[in-house]
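# give me coordinates for this.
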Amino acid sequence: MLVFVYGTLKRRFGNHSVMVEAGGKFVGTAMIEGYAAINVPWFPYAIKKDGSRLKGEVFFVDSEGLKMLDLLEGYPSHYNRTVTNTPYGLAWVYHTERDMAVNIKKFGFTEEWIDEDNE
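All right, here's what the predicted structure looks like:
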């Protein structure tokens, strides 16, 4: 199955080793519609947001690999996950449904999250 990631699970980011351990195989980069990332410095939160786009990477994982990613992402208590369209087919994407108004006001939105400590 495919998973779209936009934060620390991307290549060259802090939790990519979890993706590797989960057997994730890089498929390609993608821009998805209907999601925005809140530009929180330590890791981003994606929320559903009409008219927005979010850049990330798509990986193939098997069901056991998805369970490992679920554990890291705190699914379903911290993040939810839903299916979204990518150029490679349908993919899971982790997002929050929590009230993020304070974080949105403080950090704003971004189409592509970059870990400034990782640059």
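# and for the closest residue to G24 other than its chain neighbours, the neighbour number?
Spatial nearest neighbour of G24, excluding adjacent residues (C-beta to C-beta, 6 or more residues apart in numbering): F59 at 3.9 Å. C-beta: built from backbone N, CA, C; applies to glycine. Residues contacting F59 under the criterion other C-beta atoms under 10 Å number 28.
# pLDDT score for F59?
Looking at F59, its pLDDT is 99.
# can you identify the element that follows the helix ranked longest in the chain toward the C-terminus?
Ranked by number of residues, the top helix in the chain under DSSP state H is helix 63-73. Counting by DSSP states H and E, the next helix or strand C-terminal to helix 63-73 is strand 80-86.
# rounded mean pLDDT for that next one, please.
On average, strand 80-86 scores 98.
# V18 is in contact with L69, isn't it?
Yes. At 7.0 Å, V18 counts as touching L69 under the criterion of C-beta atoms under 8 Å.
# of the two, who's got more company?
L69 (24 against 17).
# distance of that one from A46?
L69 sits 14 Å away from A46 when distances are taken as C-beta to C-beta, to the nearest Å.
# now the one helix or strand K48 maps to: buried residues?
Under the criterion of DSSP H and E, K48 resides in strand 45-60. By 16 or more other C-beta atoms under 10 Å, the buried positions in strand 45-60 come out as Y45, A46, I47, K49, S52, L54, K55, G56, E57, V58, F59, F60.
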